[in-house]
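Undergrad: Got a predicted structure here, sequence first:
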Amino acid sequence: TYKPNDMKFKITFLFIAPLIFLSCSQEPIESPDDLVANLFNAETSGGQNSVNLYEDTFIAAQNINVGTALVELIDGVVVVTYETEGDWVIEETHLFVGPLSELPTNGAGNPKIGQFPLSETHTGGTTLVVYTTTTPLPLGECVYVAAHAVVTNTVTGESETAWFNGDPIGGNSWAMMSEVCH
């Protein structure tokens with residue numbers, strides 16, 4: 001039975017009343033994962049719809065972090081960005097974006113970087129290289145990105161091969177790739 005001065009009733013009411021108010025809210029409450037996903041989906045770049053598909057380290061000599069690897073989808077088109085930091089510059093880039101079955105490899109399963117469709121030599125202390133694919137990636141489709149470079153340390157003169165951090169391609173090399181989906 002209820003007694004106005006009953007302390008149990010007052011404490012129970014203080015805890016239940018806010019729950020009743022919150023449960024009557026008309027807007028759904030988002031989980032932290034939903035909030036993060038919505039932030040990525042809402043991100044824009046220069047007025048274009050941009051989704052960050054992949055971001056990780058750019059690794060030289062199997063264990064030296066030389067910068068950032070970024071794969072974005074901008075208006076359905078895959079954009080791949082190589083960016084070095086510190087004393088590292090980019091001398092060459094080789095990029096494959098496509099189905100795994102089309103990745104150029106030799107008989108041992110090692111990638112043939114010289115046959116990657118996008119390739120370029122860079123001069124003048126290049127620290128940023130951006131490639132844009134020409135064909136939009138259809139919704140629901142996935143591609144593999146294998147991004148290789150030759151980088152040089154401007155202080156030591158050390159020159160190394162570098163890959164975007166990802167999953168091993170196979171063979172007996174440390175080459176890496178990542179699957180990205182739209």
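TA: Yep, that arrived.
Undergrad: how about the spatially most central residue of the chain, secondary structure?
TA: A centroid search over the chain (CA atoms, centre = their mean) returns residue 54, at 1.3 Å, as the residue closest to the centre. When classified by DSSP: H, G, I helix; E, B strand; the rest coil, residue 54 comes out as strand.
Undergrad: Check the gap between the closest residue to it other than its chain neighbours and residue 155 for me.
TA: Spatial nearest neighbour of residue 54, excluding adjacent residues (CB to CB, 6 or more residues apart in numbering): residue 71 at 4.0 Å. For the C-beta atoms, the positions are set from N, CA and C on the backbone; glycine is no exception. Distance, residue 71 to residue 155, by CB to CB, to the nearest Å: 29 Å.
Undergrad: What is the burial count for the residue nearest to residue 54?
TA: Using other CB atoms under 10 Å, the number of residues around residue 71 comes to 23.
Undergrad: Against which helices or strands is the helix or strand harbouring it packed?
TA: Residue 71 is located in strand 64-74, with elements delineated by DSSP states H and E. Other helices and strands packing on strand 64-74, by 3 or more CB pairs under 8 Å, 6 or more residues apart in numbering; DSSP states H and E, are strand 48-60, strand 77-84, strand 142-153, strand 159-164, strand 176-181.
Undergrad: just checking, what packs against the third one?
TA: So that's strand 142-153. By 3+ CB pairs under 8 Å, 6+ apart, strand 142-153 packs against strand 48-60, strand 64-74, strand 77-84, strand 88-98, strand 159-164, strand 176-181.
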